[in-house]
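Participant: task: produce atomic coordinates for the following.
(one chain, ligands or ions: 1)
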Amino acid sequence: MAERHEVPETGAAAPVVPSLRWADPPEGPAVVLLDQTRLPAEETELICADVPQLVRAIRTLAVRGAPLLGIAGAYGVALAAARGDDVPAAAEELAHARPTAVNLGYGVRRAAGAHRAASGAGPAAAAAAALAEARAVHAEDAEASARMARHGLALLGELRPGGGHRILTHCNTGALVSGGEGTALAVVLAAHRQGALRRLWVDETRPLLQGARLTAYEAGRAGMPYTVLADGAAGSLFAAGEVDAVLIGADRIAADGSVANKVGSYPLAVLARHHGVPFVVVAPLSTVDPATERGADIAVEQRPAGEVTEISGTLPVAPAGAPAYNPAFDVTPAELVTAIVTEAGVVSPVNRDGLAKLCSTSRWS
Ligand code: MRU
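Facilitator: Presented below is the predicted three-dimensional model:
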């Protein structure tokens, strides 16, 4: 069952429909998603009443973006528990729905751990514990988002004290992917509210157009001055001196500081280095994966050829049957990253020691 909402021309920054919500009976139990495949045309709710439906929504990118995948994974475990399903099997299925964003496994583990710990008290108590943990993951992400915005804004001020930032971003990192206002886009939004944003350059982000469809949608609703560009146009923008900083999110940060993010991020880092422009990654600590030693160890999701050879799965833009290379992410080595902004503070220079130190500090500073 899907519920459709008209998209207003202008208005608040965040979509009318929350990117994800939990529904109790009688509407649920269900995880209710804003179907991101339908944006920007319409805000449609997608009701996932069981784990296979949620896994399908994750794989088709109806719900997407690293922090939100963590939240979805946690609520998915709560859903399995509320339904009386096999929770460990559901957790396994959810954790492996997509391979790169480490937050997905993080959220699943948190809720599954809470369920296991409470299982001695009976199924209802264990289900309640899983749901409470999912709500905690959700709330913590909102809090982390607000903290990242503050740290990121301070960093922008250091990089360019007079304001007037012209920021280039890639993919989508706003309220659509978060319990709060997002990661990189939350920083941009904070700069905008302060009157310090001159322009947001929005990479369209081929092949699935998360930039053109989603970031432009959020930027427009927030009243930001923004411009969409084809990914290949970024080079000439740097050459013209039109970019002061690149701000992106991350799907997984390895222990050595390498950053996996939407494919097309690494070329931006190379361009930024060539042109002497700061390349800043904004991500919660739940995106840092100390168990992944090096960037080369990060599993990069390969997606269907049709995403490249067709537009929206319908309009062919290559000969029928053309083979396609379609990695969903690429990996930027730490030496190309100027700074990583987290809720606990900023790591710069980016290296194994700096990252480990930040992760070992208490919850937030
Ligand atoms: O394939 P997607 O749309 O899930 O990819 C999302 C990204 O690459 C984002 O940039 C990343 O998750 C950071 S979101 C805060």
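
Participant: which non-adjacent residue is nearest whatever residue of the stretch 251-365 of the chain ends up closest to the ligand?
Facilitator: Among the residues of the stretch 251-365 of the chain, residue 262 lies closest to the ligand, at 3.3 Å counting by Cβ to the nearest ligand atom. (Each C-beta comes from the backbone N, C-alpha and C, glycine too.) Among residues not flanking residue 262 along the chain, residue 171 sits closest, at 3.6 Å (Cβ to Cβ, 6 or more residues apart in numbering).

Participant: list the contacts for that neighbour?
Facilitator: 203, 205, 210, 211, 215, 248, 249, 261, 262, 264, 265 (Cβ atoms under 8 Å, 6 or more residues apart in numbering).

Participant: for the residue of the stretch 251-365 of the chain closest to the ligand, what are its contacts?
Facilitator: 170, 171, 205, 210, 248, 251, 328, 329, 330.

Participant: and those residues, which is closest to residue 145?
Facilitator: Proximity of those to residue 145 (Cβ to Cβ) peaks at residue 248, which lies at 15.2 Å.

Participant: isn't the closest one right up against residue 266?
Facilitator: No. The pair residue 248 / residue 266 is not scored as a contact, 10.3 Å apart, by Cβ atoms under 8 Å.

Participant: who has more neighbours out of the two?
Facilitator: The neighbour count for residue 248 versus residue 266, taken as other Cβ atoms under 10 Å, is higher for residue 248 (27 against 20).

Participant: pLDDT score for the more buried one?
Facilitator: Note for residue 248: predicted pLDDT of 98.

Participant: beta partners of it?
Facilitator: On the basis of DSSP bridges, residue 248 is bridged to residue 281.

Participant: list the buried residues in the longest helix along the chain.
Facilitator: For the chain, the helix that runs over the most residues, judged by DSSP state H, is helix 123-159. For helix 123-159, burial by neighbour count (16 or more other Cβ atoms under 10 Å) applies to 126-131, 133-135, 137-138, 140-142, 144-145, 147-149, 151-153, 155-156.

Participant: partner strands of the following helix or strand past it, parallel or antiparallel?
Facilitator: Sequence-wise, the next helix or strand downstream of helix 123-159 (DSSP states H and E) is strand 165-169. Taking DSSP bridges as the criterion, strand 165-169 forms sheet pairs with strand 197-203 (parallel), strand 245-248 (parallel).

Participant: please identify which of those strands is closest to the ligand.
Facilitator: strand 245-248 (6.1 Å).
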